[in-house]
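**Q** Return atomic coordinates for the entry below.
(chains A, B, C and D)
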There are 4 protein chains.
Amino acid sequence: MAVHIFEPETYYSTLGSHPPVLEVDPGDTVSTTTVDAGGGDRNGDFCGVSGNPQTGPFAVRGAEPGDTLVVKIDRLWPNRPNGFTRAQIAPNVVDFGYEPAFDDTVDRAWWSLDLETGVARLSTPRNRVGGIKLPLKPMLGCFGVAPERGQAISTATSGPNGGNMDYRGFVEGVTVYFPVFVEGALFHLGDGHAVQGDGEIVGTGIETSMDVTFTLDLVRGHSISWPRAEDDRYIMAVGNVRPLDQAVQHATTELIRWLCGGYGLTEREAHLLLGQCIRYEVGNVYDPAYTMVAKVEKSLLAPFN
Amino acid sequence: MAVHIFEPETYYSTLGSHPPVLEVDPGDTVSTTTVDAGGGDRNGDFCGVSGNPQTGPFAVRGAEPGDTLVVKIDRLWPNRPNGFTRAQIAPNVVDFGYEPAFDDTVDRAWWSLDLETGVARLSTPRNRVGGIKLPLKPMLGCFGVAPERGQAISTATSGPNGGNMDYRGFVEGVTVYFPVFVEGALFHLGDGHAVQGDGEIVGTGIETSMDVTFTLDLVRGHSISWPRAEDDRYIMAVGNVRPLDQAVQHATTELIRWLCGGYGLTEREAHLLLGQCIRYEVGNVYDPAYTMVAKVEKSLLAPFN
Amino acid sequence: MAVHIFEPETYYSTLGSHPPVLEVDPGDTVSTTTVDAGGGDRNGDFCGVSGNPQTGPFAVRGAEPGDTLVVKIDRLWPNRPNGFTRAQIAPNVVDFGYEPAFDDTVDRAWWSLDLETGVARLSTPRNRVGGIKLPLKPMLGCFGVAPERGQAISTATSGPNGGNMDYRGFVEGVTVYFPVFVEGALFHLGDGHAVQGDGEIVGTGIETSMDVTFTLDLVRGHSISWPRAEDDRYIMAVGNVRPLDQAVQHATTELIRWLCGGYGLTEREAHLLLGQCIRYEVGNVYDPAYTMVAKVEKSLLAPFN
Amino acid sequence: MAVHIFEPETYYSTLGSHPPVLEVDPGDTVSTTTVDAGGGDRNGDFCGVSGNPQTGPFAVRGAEPGDTLVVKIDRLWPNRPNGFTRAQIAPNVVDFGYEPAFDDTVDRAWWSLDLETGVARLSTPRNRVGGIKLPLKPMLGCFGVAPERGQAISTATSGPNGGNMDYRGFVEGVTVYFPVFVEGALFHLGDGHAVQGDGEIVGTGIETSMDVTFTLDLVRGHSISWPRAEDDRYIMAVGNVRPLDQAVQHATTELIRWLCGGYGLTEREAHLLLGQCIRYEVGNVYDPAYTMVAKVEKSLLAPFN
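**A** As a prediction, the model looks like this:
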């Protein structure tokens, strides 16, 4: 149960079978940093890689294809007092033919982050949105493991191995599960958002660099098909694909599998329960793969224990 | 501001330009009942029409195409102690090729509704789901106005005129807005659900008959493109279409229009605000038209007053 | 086997259970006219209804729900020397964010139709496209029967009952089959195109008024789920829905049903045959419901006779 | 203009920046072989890699990011007398809930290929489909170049760099264009089909090993966004993505770009021409990315020369 302090020097713009920067034991904790989506670090200096550059990958000793990697996000907080967003809702999220009539030509907006009080405010452009205080809800936009088949997949997108899911529920305190496709699992992380709306519809959250502490563990010999997660209140299953209809299908089916395989429900019980109790949350509707999360309250699972 | 007690005798399975059953003034309140999705009334007797039979239509004096109909749901509560659901998640909501291994052949499940304590419990089939107490959250699954162009549209589906949206947020206390396409607006309602999960993924909520009280009003000369709604906390815009990706587009664009046209935001302010603050909720992913709701907290709109 | 000459005086902008304008016997032929999509007749005069106004409906004596209506398009030819198209590919058919840089502001283009030589040429706007001679391939864009459940459905869209399919294969010589949902079937037709590209991507073909002769017949007691068609070379099944992925599903499944139910293939034979021999054609990717056609050559079906 | 005879010894199951197996000059011709989708060579022996194993990559001297790679398919013919297909239409291509009632449990079908007369016939399972003689139309299912950003992408899918497009129009005589993302372009090829239906709806064409001869060339300093192709009659643009609606968008937009950038049409001319003359062909509706091809006849482009 070692704690590793890791200062990154290299970054990747794909999730793939890159040489691990650190090898840890199951149960170990890593404390490190991530740069922002554009590659800016805590000082705003460019790390040399843009497009959701990833810290890592971290190898877990003994992880084998067919295992499940457990990632507990212990702590996640911005390490600088600002972040940026894009300023236009993406064309794929608005009506065909809708063209906004903007009164300025802003492409990138900057937000101040008060790391003490935990509040974000729009700095530029100057307009009335700056009058709103948004509570910080730091999350990881892009993180996951090396994919199957020797692939190296752009950090712009996501899949069964995780990646650029941009789900605002991936916050401190959440435990995320990924299928292991390669020896060591090879965990990557980056693309921290201080705040993000559902869908990441402007193509960004409030992009900033982060201090991150996480704990890695393994469930050996247990494979899952899509990322899963849980917090105190919910279990969640994640589908990453376009279109959103299909992301719904993967998330729902993975949640059924979890209920039946992990909680011992019969399939009939799972269908009856989810029919009246499932909740969906939109991760992103911006990236090449969209993300939908299906979840159910843990308290509803008491009768099955 | 009259209150009309209306006992329905006829039901329609389309939203269309049917002869109104009652004509009311703007501001009037109507207290009536709805049968369940299968046409069963408070006694379980069949009303003669199945498939989300609608009470109404109710005409509002003076309503003209181009106006907006305002529907406040004043009270909504089941009027019988049971309801039914289907027992299988629909094939379009699960992975292609997924086939559940059920241990029974149940098609329809029955739930008891305790109307005093406000709790639903599975009665049949008998299994452990019956150990869960679900709080009643009565909602209207299908309601709306006569569509444009002399159409009569099945209560299985929905569109700009509302219809079978199956959004679990349409509960008591919510005000819903519909575009008026015909004289009198012609408001229909039915398909009450005592409880419903996101997405209506088994094809039903807990279907039951309801006592409903609602107040109708008009915003004259103000047209909207898609249904809108609000409660104490949120303003909401609704997109009804397949696929879900496109429902996202309609809901998002309608919410932008509301912010700019109704709250005076510039388009840039609307894009910046929604980018970090929008919330999506899945209405249904079962009906011929899916439903997505885009919403934003009213408290965030204070700077624009 | 009477031949009826019918001169329309009324037009509908929905497919629905309107009073029939003429009742015919199975086997009868009707010779009539259609106005263009905007309601212009052979003289360019406005008929009073716009948006794909329909001639009809024509009732077939004895047609009952569960039968199949047979429509043979005997003759179809424009009855005036011009037609119009829109001039811009629809936003839903091009990349998100693509904005054309037009050098003019044309919204509607006019084409001359040489009815003797069978050639269409762009008249206005004047540009080099006018140098192209397009062979006339007159087709019906919108035709079908009254839908189920008492619905009246806009002629902008389509469904199991046909409607605005905008498939350029519906030409003279083709026999089209529709499910019968109401007594008399109630056949409507209109929206003739002198020429149309795949997908109807500018939202129109070359819209013009037509002389049409067709023969109506019945297959009693045989129901189909989606429109079917055949010509000398192919049998075809039609799916009408958004998104295109789902239209593929309906068209493919209906073609399997036809092979198994009509030609006696086993399901395995149908799957093996279609796997290597199916052809798809895009009807439209513009209307509220898209249209995909799945077809297979009749010559391949010889072993199953 | 050298001709290289290349005997492959290694195969890749991703398109990526693998070490080139051969470096050639622009204009050079390569004569080589491909194994079938399962890794079977001309003798049916397993090459060691399954899942559309690729021959190559071949590097072209001087190819730089921003260039276009030109691939002329000079010759393509099976090099063994048999091939296999799957025997069931994929669940994503048929109606939700459709379950075929098969009379056997065949998973893989075998077809004999008469390489002299150019005819394929079903061998097993034995049924009446075996009575059909299908003309061989050998095509490449999966071929393309290394993708951008250092990615390595599974040969199960496709993208702007080509890959598993499974379009039955990629036959002998066709010239295909790919964007160059890495030095040398790195051309891969494999997954030959002796015959394939539209959509590759059983998940395979008739999978077999091939003799292939192709010529590689460059268009320097000219970049394209999606693969393009041409034969004697058509120019074609290819969109590779899910859903099919979006593949339509990419293919259409790329064809507009080609007409404007390559043939000198104004955008208005391109929209007017394609509106009435575009043709779509479905590549595949099976792979993770679907493929749609938009094309137009070269003869229509005469006025623009």
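
**Q** give the contact list for the residue of chain A most remote from its centre.
**A** What lies farthest from the middle of chain A is residue A:103; by CA atoms, centre = their mean that is 33.3 Å. For residue A:103, the contact set (CB atoms under 8 Å, 6 or more residues apart in numbering or on different chains) comprises B:266, B:267, B:268. Bear in mind the C-beta positions are built from the backbone N, C-alpha and C, glycine included.

**Q** between those residues, which is nearest residue A:273?
**A** Of all those, the one with the least separation from residue A:273 (CB to CB) is residue B:267, at 42.9 Å.

**Q** how close does the residue farthest from the centre of chain A sit to residue A:132?
**A** Applying CB to CB, to the nearest Å, the value for residue A:103 to residue A:132 is 19 Å.

**Q** Residue numbers of the stretch 151-300 of chain A in contact with chain C?
**A** Neighbours of chain C within the stretch 151-300 of chain A, by CB under 8 Å from any CB of the partner chain: A:243, A:245.

**Q** quick one: the helices in the stretch 151-300 of chain A?
**A** In the stretch 151-300 of chain A, the helices defined using DSSP state H, counting those that start in this stretch lie at A:244-263, A:267-277.

**Q** sorry, back to before: which of the contacts of residue A:103 come close to chain A?
**A** Subset of the contacts of residue A:103 in contact with chain A: B:266, B:267, B:268, counting by CB under 8 Å from any CB.

**Q** export these to JSON lines and tack on pLDDT?
**A** Output for these, formatted as JSON lines (pLDDT from 0 to 100):
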{"residue": "B:266", "pLDDT": "98"}
{"residue": "B:267", "pLDDT": "98"}
{"residue": "B:268", "pLDDT": "98"}
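
**Q** So residue A:142, which state does it fall into?
**A** Following DSSP: H, G, I helix; E, B strand; the rest coil, the label given to residue A:142 is strand.

**Q** what does the stretch 151-300 of chain A have sitting close to chain B?
**A** A:195-199, A:201-202, A:204-206, A:242-245, A:248-250, A:252-253, A:256, A:265-269, A:271-282, A:285, A:290, A:300.

**Q** Stretch A:267-284 and chain D, any residue contact?
**A** No: interface with chain D: stretch A:267-284 contributes nothing (CB under 8 Å from any CB), its closest point being 14.3 Å away.

**Q** List the buried residues for that stretch?
**A** Going by neighbour count (16 or more other CB atoms under 10 Å in any protein chain shown), the buried part of stretch A:267-284 is A:267-284.

**Q** Then stretch A:48-62?
**A** The neighbour-count check on stretch A:48-62 (16+ other CB under 10 Å) flags A:49, A:50, A:51, A:52, A:53, A:54, A:55, A:56, A:57, A:58, A:59, A:60 as buried.

**Q** Excluding sequence neighbours, find me the nearest residue to the second one.
**A** On the basis of CB to CB, 6 or more residues apart in numbering or on different chains, the spatially nearest residue to residue A:50 that is not a chain neighbour turns out to be residue A:39, at 4.4 Å.

**Q** cool, and the fifth one?
**A** Leaving out its chain neighbours, the residue that sits closest to residue A:53 by CB to CB, 6+ apart is residue A:11, at 3.5 Å.

**Q** what number of residues lie near the one you found?
**A** Neighbour count of residue A:11, defined by other CB atoms under 10 Å in any protein chain shown: 23.

**Q** That one: what's it in contact with?
**A** A:35, A:39, A:47, A:48, A:49, A:53, A:54, A:55, A:190.

**Q** quick one: which of these is nearest residue B:159?
**A** Relative to residue B:159, the closest of the contacts of residue A:11 is residue A:190; by CB to CB it sits at 42.1 Å.

**Q** could you pull out the strands for the stretch 101-250 of chain A?
**A** Using DSSP state E, counting those that start in this stretch, the strands assigned to the stretch 101-250 of chain A run over residues A:108-114, A:119-124, A:134-135, A:139-145, A:153-154, A:158-159, A:162-164, A:175-179, A:187-193, A:210-219, A:228-230, A:234-240.

**Q** Pipe those into a markdown table and attach mean neighbour count and mean pLDDT per row.
**A** As requested, these are exported to a markdown table (neighbours: other CB atoms under 10 Å in any protein chain shown; pLDDT from 0 to 100):
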| stretch | mean neighbour count | mean pLDDT |
| --- | --- | --- |
| strand A:108-114 | 19 | 98 |
| strand A:119-124 | 18 | 98 |
| strand A:134-135 | 16 | 98 |
| strand A:139-145 | 29 | 98 |
| strand A:153-154 | 25 | 98 |
| strand A:158-159 | 28 | 98 |
| strand A:162-164 | 31 | 98 |
| strand A:175-179 | 23 | 98 |
| strand A:187-193 | 29 | 98 |
| strand A:210-219 | 20 | 98 |
| strand A:228-230 | 21 | 98 |
| strand A:234-240 | 26 | 98 |
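
**Q** Dump those strands to CSV, plus distance to chain D.
**A** Shown next, in CSV, are those (distance: least, CB to the nearest CB, whole Å):
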stretch, distance to chain D
strand A:108-114, 22
strand A:119-124, 30
strand A:134-135, 32
strand A:139-145, 14
strand A:153-154, 5
strand A:158-159, 9
strand A:162-164, 12
strand A:175-179, 15
strand A:187-193, 14
strand A:210-219, 23
strand A:228-230, 21
strand A:234-240, 11
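
**Q** tell me the contacts of the residue of the stretch 201-305 of chain A found nearest chain D?
**A** For the stretch 201-305 of chain A, the residue closest to chain D is residue A:243, as judged by CB to the nearest CB, at 4.6 Å. Applying CB under 8 Å, 6+ apart to residue A:243 gives the contacts A:290, B:243, B:244, B:245, C:243, C:245, D:242, D:243, D:245, D:246.

**Q** quick one: which of the residues you listed is nearest residue D:158?
**A** The nearest member of the contacts of residue A:243 to residue D:158, counting by CB to CB, is residue D:242 at 10.4 Å.

**Q** okay, now that closest one: neighbour count?
**A** 22.
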